[in-house]
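Participant: Compute the structure for the input listed below.
(5 chains, ligands or ions: 4)
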Amino acid sequence: MSEPILRVRDLRVEYETPSGPAQAVEDVSFDLAPGEFLAVVGESGCGKSTLLFAIAQLLTYPARLAGGAVLFEGVDFTSLRPEELRARRWRDISVVMQSAMNALNPTLTIGAQLADACRAHTEWPDERIKERSAEVLAMVAIDAVHLKSYPFQLSGGMRQRALIAMALLLEPKLVLMDEPTSALDVVAQRSLMKQVATLRQSLGFAVIFVTHDMSVVAHHSDRLAVMYAGEIVELGPTGEVFHRPEHPYAKGLMEAFPSLRGELQPLLGIAGNPPSLVNPPAGCLFAARCSFANDQCRTVHPELVDYGDRAVRCHLVAESRA
Amino acid sequence: AGTTADTPLNLDNEQGSLWTCAFTPFNAFDSMFSFGTIYEPLVYVNALKNAHETPWLATSYAWSNGNKTLTFNIRTGVKWTDGKPFSAADVVFTFNLLKKYPALDLNAVWSVLASATAKGSSQVVLKFSKSAVPYFYYVADQVPIVPQHLWSKISNPVTDPIAKPVGTGGYMLNKCTPQNIQWTANPKYWQPGMPTVKTLNMPAFLSNNTANEYLATGQSAYGAQFIPNIQSYFVAKKAGNGYWFPPIANVSLFPNLTAAPLNDVAVRQAISYGLDRTTISKIGEYGYEPAASATGIVTPTYKGWSNPAAVAAAGQSYDPAKAKSLLQADGYKLDSNGIFKRHGKELALTVITNGGYSDWVAACQVMSQQLAKVGIKLTVDGVASTNFTTDYLTGKFQLAYNVETGGPSPFYEFRQWLYSKNSAPIGQSAASNWERFNSPAVDALLNQYGTTTSSATQHSIMNKLQTVMVSQMPIIPVLEEVDWFQFNTKEYTGWPSAANPYAQPALYNMPDWGVVVLHLKPIK
Amino acid sequence: MRFLARRIGFLLVALWAALTVNFFIPRLMPGNPAQAMMARFHGHINPSAIHALEVAFGVNTHESLLSAYFSYINNTAHGNLGISLLNFPEPVATVISHALPWSLGLVGVSTILGFLIGTVLGAVAAWRRGGVLDGVLPPVFIVVSAFPYFWIGLLSIWLFAVTLGWFPILGGYTETATPTLTWGFVGDILYHSVLPAMTILITSIGGWILTMRNNMITVVAEDYVKMARAKGLKPRRILWQYAGRNAMLPNLTGFAMSLGFVISGAILVEYVFNYPGLGFLLLQAVVNEDYPLMQSLFLLITFAVLIAIFIADIATALLDPRTRSNP
Amino acid sequence: MSDAILRVTDLSRLFRVGGFRARGQLHAIDDVSFEVAPAEIVALVGESGSGKSTIARVLAGLYLPTKGTIVFEGTALGRRDSRAIRGAMPMVFQDPFGSINPVLRVGHGLLRALKLHRPDVARAQRFDEAVALAEKVGLTPGAEVLARYPHELSGGQRQRLGFAQALASRPSLILADEPVSMLDVSIRIGLLNVMKDLRDHENVSILYITHDLASARYVADRMLVLYAGRLVEEGCTNEVIANPQHPYTRLLMSSAPDPRLAPNDFEGDDLGEPPKVINPGPGCRFAPRCPLAMDQCLVSTPAMVALSPTHGAACYAVVP
Amino acid sequence: MRILRAILSVLVRAGAFLRRDRKAAAGSIILFVLLVITAFPKWFTPHDPAAEIYTPGVGLSWSHLLGTTSFGQDVFSQLVAGTRQSVMIALIVGFISTVISVIIGITAAYLGGWIDDTLSLLTDVVLVIPTFPLIIVIVGYVKSAGFWLMVFVLVFTGWSYGARQLRVQALSLRNRDYLLAAKARGESSWYVIAVELIPPMTSLIVANFLGAALYAVLAASGLQFVGLGNINEESWGTMLYWAQNNEALQTGLPLWALAPGIAIAVLGSGLALLNYAFDEVANPALRPVRATKVKGARV
Ligand SMILES: Nc1ncnc2c1ncn2[C@@H]1O[C@H](COP(=O)(O)OP(=O)(O)OP(=O)(O)O)[C@@H](O)[C@H]1O
Ligand SMILES: Nc1ncnc2c1ncn2[C@@H]1O[C@H](COP(=O)(O)OP(=O)(O)OP(=O)(O)O)[C@@H](O)[C@H]1O
Ligand SMILES: [Mg+2]
Ligand SMILES: [Mg+2]
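Facilitator: Ligands and ions are numbered 1, 2, ... in the order given. Model prediction:
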């Protein structure tokens, strides 16, 4: 494995709430190799978006970074001064947001929004900017006439693709994607994923892809991180984690969706609700919903243990692997 | 700092609007900007000095034909400020102009005039349809004479604004902006040596407060303002500041004589006795307006006209006990609230007054508190100024607190008050006599006054009218209306005063204030 | 274009309504201008003058209401506003033209300044959410905007003009000066406008700060602002081009309305400061029952407001492409 | 199937859009006919904007149909429906966050439904009945949950509450408009299981609207495929999924991700999106995107053709 | 009953909110004190406010807390007596115009179609008519502008702004699923409006009430100040009128003019602060932020 471009170390994010700080991201650490596609899955509210924004240094009140480091090519983004950080944004890391309608400024044309990003980081003359804008739009199969279009004049799928085009404008080494497909219907969703895969092959950027829909990423990602209540509970190569999950929550997740083909078998959801993030229980956060939980699970908080093929945060796995 | 002749004299009087720069002396609003300063009357009649007459554009006059013909001898050698000579023809033209355009005839002189003709080059003959002695004041003092050679070319003097007025007066218009009118002295004025104040400014004040502040901060030396607490607000601010408020008419309660309970003379008298006029003056008017006499004669201005017998009969004495006994004798009984009642009805009255004049409303409030002590309930209704006018003109009131204009002698005010022809049925506009008083005997007395120039006859008529005032009490005079007048003696001398009341001092008196500025001398 | 048609339709209906209301209100008032004129003279003119005044003002012409209405509409359409009774015999148009520049200058400039300053402060306060500016400005200006502004005017005259003598007590310019286009005169005008303008400014600015701040807070939380930050745009550009611009859009109509109301002047401020503007004129017209002047002023005001709103709608459409297609 | 509990015939609903002059008619649904049998779950699938919700809303009386008839339990629905029909055919809304009034307690809707539709439950018993209903869909402890405010419930709990409300009136048919689309997988499956239970144990029919084909396969007996306001294929769930006939259905099936299988490449890239059907001309609405389109497809609308007693498709390219 | 309970629960939550929010707390304390004065003026005034029986123009003293007027009236007593009218104007105008705003705004939004068009046009026309001039004209029309005329005029000109706001809000709520859900449940339109639509708008309605009340207080005092009210009535605006007409500031009686102005400002600030706070209830995003300089939370 080559030198990672991104190292996330013990990242912690809190939300300030009336009843006290809520731990939305708790001690998250992982590495990302150049060109790698990491998918992050987990149920709603488990902190996926928060993790992405923490990596991109985009947290706003009431969220705050409570600890940890984000090292991009060895530079700690969390300790950069605002101006230094600003200069590195988009060149190093770009972001594709969940809802394309909201992520585009409704009162500026697509072209103006692309040009904005160019002007902030380059000295390109206007023709060059236009040329490059048309180029990236072409990559996602949008005609250059839409440079003059306003966001509301594009269809949902086009807007989403325009966002991806924008993310690729300065050829960053890492693109963060927060549920870019959840607003699209299946046909558009599939073609978008295919396009991302193609672009990644030709441009070689790394991707962290957040979703709660595992079927979307199953075919495209290299590695898969399963999050639960702010923590990574399992992290490993996609195929491995997908077909042989070890963490009880990951197992539950993989068994919770029906399939279009194959045997039609009764499925069971994961009963119960996620724990409070303000007053997290002692012990394993999943213990209350876990049918295998024992006393140790309820009292001692498990660590994320790297077993080589994958890392898992579970006492039971630790025991069986030991 | 002394004032030189070229330092302008700033005049201070709130009119509540900006200047329109129209100088028609026959326009009720604009006349104060030209009548007296630019245009002049035939004779100046001084109300403060017992109708003392000063020849002006006429050198003399004579009544004839049973006081039905008035002949003026017109001054020669007077020139209009454009250099053209002034003549009797201009006077005749002016009177005929008023006939042609009734809208210009503010004093309704053509209601008694029959004709105006020139006799030779220097005489003007006015013929009246009846004996019209009191009308002398209106035709001689209140009609500004305008130049025929210019005015005959104006297509409609009612609506065409006169932007460049030409008159015979001591001042000429220099410039006019909406915020200020500026006059300069007429260098060829017919009264030699006058005027010594070379420049006059009259800024437009939109509210009393600003006008007062302008005066108090010393920016003006000639004011015509009601100023609260004048001693501390104005007099103490600058050396030489002074004021003089000569009384000239009455502020009275006009009772509606056509309806109960005020058609009952006992009630009217009880009200009069229940009023402590001195206190009303002190609280409502800072003591500026003296207590009035129930006889209706304004003192000291018209002291000579006062009828001692009438004064003795009722005077202005405050006598709450008498007020109560009058009502009891009239069948009223005090109820548990301390209010008189008769036939089950409380003696509860409402007085309307001009809500825009805070001093009047305050005075009414004091009256209300005083009358409560003698068992009369008085509600004060300060009505918006136009509504107030409509109400008192058409008789829609129980009591109205208001003034009449008066004139150069008490007769004018009495005639306005009491002459039944001036009145109108309730619901229609009455020019005066708003209380709707109707007495053929009084009408006869008033008519008789108009036919005589004898001072003795006039006095005897006025004595009789005063007796009517106290015995029938058609009007309840409360305070004496004064001329508001402030001045500074360190900058100018020659101000009118109680010792030398040569003209009515307030800036809204025409042509008087023009006479005042002619008398002023700057201190070098 | 449905949008434009609707706006024009509204404009016309509202204009007609205003025109009609305008015609009837003064006619429903009691009294007549001759009586009003009498009232103004405090008894200083001969009571017989009332008849002369009635003739002069044409009070007793007996025209039917309907024909009066149509000739009114006709005259108004031809810009013939009649003769002012209060300033008889000046035409209403002249009277208004004297006062208009003062209102435009004083109230107009301070309204625009108030909007600009308020908008900028509101935007910055929201941008620095929780900072000193944000903690102090909104509450302070909210309290100040609840003050009666004529009273602030009174106090400032008392303090700065009468007691300290720093500023003049009245008028739009030194009363004896001749209006000319010189620096001295302009300076004189500015000097006279300091107190009234400040009065308007400090009482109107709070509303703009607050609405802008509130809009801005909503907009700053939008994804596209987050996106702009992610793109590494300069904070200044994000603040104005991304957040400020969009947050300002909902305020445009309100701004247009307040601009329209400039024509009516800040009545109480003009009253307190003796300022020769339209607001004071209107007050006078009402008190003196100057129908033609009152009607024309009212019409002018309504017209200005309607046009201003119309322009604001168009401007919003230009600045916000979404409104152009969505009806 | 004369014993159908719901029979919809030639149902259309048009919306007026655009300006004064461009008076456009948006054909949200066009000539849709189908039936629902007692104790049957019928899945209605299709892309976003294809008209699924419109069908549900017309059935629930929230929109009036432009054309067509709806016969429910033997009576034709008119412009003004009785409360009884609302009770017999309640609707579960797509968005669990938007469909519960945020300022009223959770129990409010449930109690109101009982008051309106269950005269047999005495006033005093209503709360107990509500608690029982809540516990039936797994909201325990019921009494405590009902006293909360909506914001104190998780999405899954809200969604279950929606079902409980629908059940309160003892319905025979539930219109469930994408009842699970907002939920993540683990909660979703729980609700699907509740639906199955209702069908199997209480003879409730459900019109299950979704765009998630896999979940439709999991619960539904029959399946209706909607494209741009028209039904393009219908049939037994297994048959439609195993053997999709209409080209659109095939595109849909191949696009639907299934992580358990290798990705399949069907007909290459398709960036097309469902059209907004404004003032449509004749012809098959899928024709512009259809790899099999023929001339005929552009001029006339294909009718539903029976491929088997339990399977039909509306396509000229399909030969029975 | 249920409406009451819903409103009650909102109030309870508002109460909790007051405890948290300093602005709201300040505003409600001000209003509470003024309400007490309104209800029991006798507790505070030893003197008859109208009686002109004291030495005119005295300054601060124990017997005359704020001195006397130049007519010899006790300023403090007038201030206390005047509280009633301002507070009543605020409450009554606020209440009536809010009721009208709610009815018109919500009817327009909920019923839609031509009813909406008509009501919106009406609202816009009233909104566009310049208020203060119109008030002056109306007050000039009706003789002596007493309390109820003032109320009428202020309501007439005051409802439109709120109606427009509420309409917009109701429009955005109109197609919320929970209203449709109620309809699908078989509820009547009126039930839906009264129980499902209005309660979620409570904080906006309250804010609207406060805004209308504030507007009424300021407009009424302005009118009275220029003498267009009934100058015999006891109110702060009238006090200012008398003080101004008697040059209180410049004749050594500044308290006479300062006190009523401050009183209006205090009442106004109370309303404005509460209004501000209710904005925050209506839109949680506006709630105050504690400034914590932290890593990451920056631009
Ligand atoms: N502004 C906020 N204030 C308080 N808590 C918040 C805030 N925003 C998010 N949270 C909490 O932080 C946790 C993580 O939120 P986040 O948005 O990262 O979840 P997610 O995994 O992206 O969920 P989804 O799949 O719904 O997008 C959640 O429990 C959420 O309730
Ligand atoms: N009230 C309405 N007015 C105008 N057009 C409408 C209205 N309601 C729905 N439509 C239009 O009708 C079409 C069908 O909408 P519908 O909501 O039924 O789709 P859907 O299949 O439920 O989509 P989704 O999966 O996004 O919920 C869409 O184009 C939509 O824009
Ligand atoms: Mg998220
Ligand atoms: Mg839908």
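
Participant: residue ranges of the helices in the stretch 201-327 of chain C, please?
Facilitator: Ranges of helices in the stretch 201-327 of chain C, per DSSP state H, counting those that start in this stretch, are C:223-230, C:235-237, C:245-260, C:267-273, C:278-287, C:291-319, C:321-325.

Participant: do the same with the stretch 1-150 of chain B
Facilitator: All helices of the stretch 1-150 of chain B, identified by DSSP H, counting those that start in this stretch, fall at B:88-100, B:135-136, B:148-151.

Participant: Need the winner for burial among those.
Facilitator: Counting by mean count of other C-beta atoms under 10 Å in any protein chain shown, helix B:135-136 has the highest mean neighbour count of the helices of the stretch 1-150 of chain B, with a mean of 22. C-beta: built from backbone N, CA, C; applies to glycine.

Participant: ok, and what's touching that helix?
Facilitator: Outside helix B:135-136, the residues that touch it by C-beta atoms under 8 Å, 6 or more residues apart in numbering or on different chains are B:43, B:45, B:61, B:63, B:70, B:109, B:112-113, B:128, B:450.

Participant: Apply 10 Å and report the result again.
Facilitator: For helix B:135-136, contacts defined as C-beta atoms under 10 Å, 6 or more residues apart in numbering or on different chains pick out B:42-43, B:45, B:51, B:53, B:61, B:63, B:67, B:70, B:107-109, B:111-113, B:126, B:128, B:142, B:408, B:450, B:453.

Participant: And stretch B:63-73, by the same measure?
Facilitator: By C-beta under 10 Å, 6+ apart, stretch B:63-73 touches B:42-43, B:55, B:57-62, B:88, B:91, B:112-116, B:119-120, B:122-133, B:135-136, B:139-140, B:450-453.

Participant: ends of it, how far apart?
Facilitator: 12 Å (C-alpha to C-alpha, to the nearest Å).

Participant: Report the distance from it to the chain centre.
Facilitator: Relative to the centre of its chain, stretch B:63-73 is centred 26 Å away, using C-alpha atoms, centre = their mean, to the nearest Å.

Participant: ditto for stretch B:183-199
Facilitator: On the basis of C-alpha atoms, centre = their mean, stretch B:183-199 sits 27 Å off its chain's mean C-alpha point.

Participant: buried stuff in that stretch?
Facilitator: Neighbour counts over stretch B:183-199 (16 or more other C-beta atoms under 10 Å in any protein chain shown) mark B:183-186, B:189-190, B:195-199 as buried.

Participant: In JSON lines: those residues, plus secondary structure and pLDDT.
Facilitator: Formatted as JSON lines, the buried residues of stretch B:183-199 follow (DSSP: H, G, I helix; E, B strand; the rest coil; pLDDT from 0 to 100):
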{"residue": "B:Trp183", "secondary structure": "strand", "pLDDT": "94"}
{"residue": "B:Thr184", "secondary structure": "strand", "pLDDT": "94"}
{"residue": "B:Ala185", "secondary structure": "strand", "pLDDT": "94"}
{"residue": "B:Asn186", "secondary structure": "coil", "pLDDT": "93"}
{"residue": "B:Tyr189", "secondary structure": "coil", "pLDDT": "94"}
{"residue": "B:Trp190", "secondary structure": "coil", "pLDDT": "93"}
{"residue": "B:Pro195", "secondary structure": "coil", "pLDDT": "91"}
{"residue": "B:Thr196", "secondary structure": "coil", "pLDDT": "91"}
{"residue": "B:Val197", "secondary structure": "coil", "pLDDT": "92"}
{"residue": "B:Lys198", "secondary structure": "coil", "pLDDT": "91"}
{"residue": "B:Thr199", "secondary structure": "strand", "pLDDT": "93"}
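
Participant: What is the most widely separated pair among these?
Facilitator: B:Trp190 and B:Thr199 (20.1 Å; C-beta to C-beta).

Participant: and the one residue sitting closest to the centre of chain E, what does it touch?
Facilitator: Most central in chain E under C-alpha atoms, centre = their mean is E:Ala213, positioned 1.3 Å from the mean C-alpha point. For E:Ala213, the contacting residues are E:31, E:86-87, E:89-95, E:97-98, E:154, E:158, E:267-268, E:270-272, E:274-275, by C-beta under 10 Å, 6+ apart.

Participant: I would like a ChimeraX command selecting only the buried ones among those, please.
Facilitator: Under the burial definition 16+ other C-beta under 10 Å, those of those that qualify are selected in ChimeraX by:
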select /E:31,86,87,89,90,91,92,93,94,97,98,154,158,267,268,270,271,272,274,275
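
Participant: so of the contacts of E:Ala213, which ones are in strands?
Facilitator: Judged by DSSP state E, strands contain none of the contacts of E:Ala213.

Participant: overlap between the contacts of E:Ala213 and the residues near chain C?
Facilitator: With C-beta under 10 Å from any C-beta of the partner chain as the criterion, the contacts of E:Ala213 include E:267-268, E:270-272, E:275 near chain C.

Participant: Look through the stretch 101-250 of chain A and state the residue closest to chain E.
Facilitator: As assessed by C-beta to the nearest C-beta, chain E sits closest to A:Ala120 within the stretch 101-250 of chain A, at 13.1 Å.

Participant: Does residue 31 lie in a helix or a strand, and which?
Facilitator: Since no chain was named, I'll use chain A. In this structure, A:Asp31 sits in strand A:20-32 according to DSSP states H and E.

Participant: hmm, I had chain D in mind actually
Facilitator: Using DSSP H and E, D:Asp31 sits in strand D:24-36.

Participant: and that strand, anywhere near ligand 2?
Facilitator: Yes - using C-beta under 6 Å from any ligand atom, strand D:24-36 reaches ligand 2 at D:26, D:28.

Participant: Now that strand: buried residues?
Facilitator: By neighbour count on 16+ other C-beta under 10 Å, the buried set for strand D:24-36 is D:26-32, D:34-36.

Participant: Tell me the residues of the stretch 101-250 of chain A that contact chain D?
Facilitator: Counting by C-beta under 10 Å from any C-beta, the residues of the stretch 101-250 of chain A close to chain D are A:140-142, A:155-158, A:161, A:181-195, A:197-198, A:212-220, A:238, A:242-243, A:249.

Participant: Any chance of JSON lines for the buried residues of strand D:24-36, columns pLDDT?
Facilitator: As requested, these are arranged in JSON lines below (pLDDT from 0 to 100):
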{"residue": "D:Leu26", "pLDDT": "85"}
{"residue": "D:His27", "pLDDT": "88"}
{"residue": "D:Ala28", "pLDDT": "89"}
{"residue": "D:Ile29", "pLDDT": "91"}
{"residue": "D:Asp30", "pLDDT": "90"}
{"residue": "D:Asp31", "pLDDT": "92"}
{"residue": "D:Val32", "pLDDT": "93"}
{"residue": "D:Phe34", "pLDDT": "94"}
{"residue": "D:Glu35", "pLDDT": "93"}
{"residue": "D:Val36", "pLDDT": "94"}
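
Participant: So which of those is the closest to chain C?
Facilitator: Within the buried residues of strand D:24-36, the smallest distance to chain C is 13.7 Å, found for D:Leu26 (C-beta to the nearest C-beta).

Participant: pretty sure the closest one contacts D:Ser12?
Facilitator: No - using C-beta atoms under 10 Å, D:Leu26 makes no contact with D:Ser12, being 11.4 Å away.

Participant: hey, what's in contact with both of those two?
Facilitator: Residues touching both D:Leu26 and D:Ser12 (C-beta under 10 Å, 6+ apart) are D:51, D:54, D:229.

Participant: Distance-wise, check the last one relative to ligand 2.
Facilitator: Note on D:Gly229: its distance to ligand 2, by C-beta to the nearest ligand atom, to the nearest Å, is 7 Å.

Participant: Likewise for the first one?
Facilitator: For D:Gly51, the distance to ligand 2 equals 4 Å [C-beta to the nearest ligand atom].

Participant: next one: C:Thr253
Facilitator: Distance from C:Thr253 to ligand 2, by C-beta to the nearest ligand atom: 26 Å.

Participant: thought that residue was touching C:Ile314?
Facilitator: No - taking contacts as C-beta under 10 Å, C:Thr253 lies outside contact range of C:Ile314: 11.1 Å.

Participant: so what secondary structure elements neighbour the helix or strand harbouring E:Ile262?
Facilitator: Per DSSP H and E, E:Ile262 falls inside helix E:254-282. If you count contacts as 3 or more C-beta pairs under 10 Å, 6 or more residues apart in numbering or on different chains; DSSP states H and E, helix E:254-282 packs onto helix C:132-145, helix C:149-156, helix C:183-220, helix E:2-20, helix E:22-39, helix E:75-111, helix E:202-225, helix E:236-245.
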